[in-house]
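1. What follows is a protein structure lacking sequence information:
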């Protein structure tokens, strides 16, 4: 008993009197280094590739945004925030910003509602569930250019199939490529076609993770299908819904393929009816060959997405709270104290 207490109270790293010092062989030391370093070696390829093709272009673009850059000579003059000031003074930039948020809202809100409904239907006991689950993902597999060409033909002002269907029910032709609102609706329809099934599968995976005991208890209490969906399914989907909202926000503010392919010119309309920030950025960079202003606009878009992401983070903290966690939310000091207590308990 006394020897055990003495060994426990001895300082770490100091050999106990009367006990031989253990000398590690080279293979044992190599094994220890392997255990310590191998995880970092396994994940290093990602960080190396990201540093080359991701981090370096980001930093390079940040430097160019403060310069009047000449792409041919690979040199430029330092102008500070002049490029940012020029962009913010352009009325076209604010039109593009309004169009971007309009298309984002017209696509994300119906997309989220429809994806939740489809996921709820696929979560039920229906025939050929695997077939239907694979079918909802097919639009996501189709190339964005193909989707743009098909929907461009469907929403043609004079010979489009959509206007032909509307004429059958007594509705006059809609100027899809002239009116800003209807052009946003057409582009949002393309976005919804591609991404609704993808988000539905994510929500379906979250629904299948909900314990079935909840539904059995709700059935015993007399809750119907709608009440179960409202009181059991939706509260359990909060973390996944927030994830889908955040990813839809990032993708919606960066929308490029659909408005680019909405007509044969790809300039956002004759009067900038569906011009988005990414289209305007592309036109400045590759149309006007002004890469300094294009880089500045890219960073402005990044700041806008960051601001919206912070709002989503606040919403996430307010709605999700500690759902899905393993216990109460602890502060940083409480977590440190808990770790110290665990280490003391382990050394006893």
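-> Yes, it's here. Just so it is clear, the model here is predicted, and its values are computed rather than measured.

2. So the most centrally placed residue in the chain, which state does it fall into?
-> For the chain, the residue sitting closest to the mean C-alpha position, by Cα atoms, centre = their mean, is residue 247 at 2.5 Å. Three-state call for residue 247 (DSSP: H, G, I helix; E, B strand; the rest coil): helix.

3. What number of residues are in the vicinity of residue 340?
-> Other residues near residue 340 come to 10 when the count uses other Cβ atoms under 10 Å. C-beta here means a position set from N, CA and C on the backbone, and glycine is covered the same way.

4. Helix or strand: which one has it?
-> Under the criterion of DSSP states H and E, residue 340 resides in helix 332-347.

5. I'd like the average pLDDT over that helix.
-> Helix 332-347 carries an average pLDDT of 70.

6. next helix or strand past the one helix or strand residue 36 maps to?
-> Using DSSP H and E, residue 36 maps to helix 26-50. For helix 26-50, the succeeding helix or strand toward the C-terminus, using DSSP H and E, is helix 56-64.

7. Now do that following helix against helix 26-50, angle only.
-> Here helix 56-64 runs at an angle of 50 degrees relative to helix 26-50 (axes from the mean of the first three to the mean of the last three Cα atoms, to 10 degrees).

8. Can you name the element that comes right after helix 56-64?
-> strand 67-70.

9. Check which residues of that next one are buried.
-> 67-69 (16 or more other Cβ atoms under 10 Å).

10. what are the pairing partners of it, and which direction each?
-> Applying DSSP bridges, strand 67-70 is found paired with strand 75-78 (antiparallel).

11. Name the residues of the helix or strand following the strand it pairs with that come out as buried.
-> Later in the chain than strand 75-78, the nearest helix or strand by DSSP H and E is helix 82-88. Under the neighbour-count criterion of 16+ other Cβ under 10 Å, helix 82-88 has 82-84, 86-87 buried.

12. And those, which is closest to residue 107?
-> Closest approach to residue 107 among the buried residues of helix 82-88 (Cβ to Cβ): residue 87, at 24.9 Å.

13. which residues does residue 222 contact?
-> By Cβ atoms under 8 Å, 6 or more residues apart in numbering, no residues touch residue 222.

14. per-residue confidence at it?
-> If you check residue 222, the pLDDT there is 82.

15. how would you label it: helix, strand or coil?
-> For residue 222, the assignment made with three-state DSSP gives coil.

16. average model confidence for the helix or strand that contains residue 280?
-> Using DSSP H and E, residue 280 sits in helix 277-282. Mean pLDDT, helix 277-282: 91.

17. what does it contact?
-> 92-93, 96-97, 100, 253-256, 259-260, 266-268, 294, 297-298, 300-301, 304.

18. try it again with 6 Å
-> For helix 277-282, the external contacting residues (Cβ atoms under 6 Å, 6 or more residues apart in numbering) are 96, 100, 254, 256, 259, 268, 294, 297-298, 301.

19. In CSV, list those along with secondary structure and neighbour count.
-> Formatted as CSV, those follow (DSSP: H, G, I helix; E, B strand; the rest coil; neighbours: other Cβ atoms under 10 Å):
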residue, secondary structure, neighbour count
96, helix, 25
100, helix, 25
254, coil, 16
256, coil, 15
259, helix, 29
268, coil, 25
294, helix, 24
297, helix, 27
298, helix, 20
301, helix, 20
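
20. Of these, which is the nearest to residue 312?
-> Nearest to residue 312 among the contacts of helix 277-282: residue 254, at 14.9 Å, using Cβ to Cβ.

21. where's that closest one relative to residue 300, distance?
-> 13 Å (Cβ to Cβ, to the nearest Å).

22. for the record, mean pLDDT for the helix or strand hosting residue 201?
-> In the assignment (DSSP H and E), residue 201 maps to helix 180-208. Helix 180-208 comes out with an average pLDDT of 90.

23. Now it: buried residues?
-> In terms of neighbour count (16+ other Cβ under 10 Å), helix 180-208 has its buried residues at 180, 182-204, 206-207.

24. Repeat that for stretch 129-144.
-> For stretch 129-144, burial by neighbour count (16+ other Cβ under 10 Å) applies to 133, 136, 139.

25. mind checking how far that stretch is from the chain centre?
-> 20 Å (Cα atoms, centre = their mean, to the nearest Å).

26. And the contacts of that stretch?
-> Contact partners of stretch 129-144, identified using Cβ under 6 Å, 6+ apart, comprise 122, 193-194, 197-198, 200, 257.
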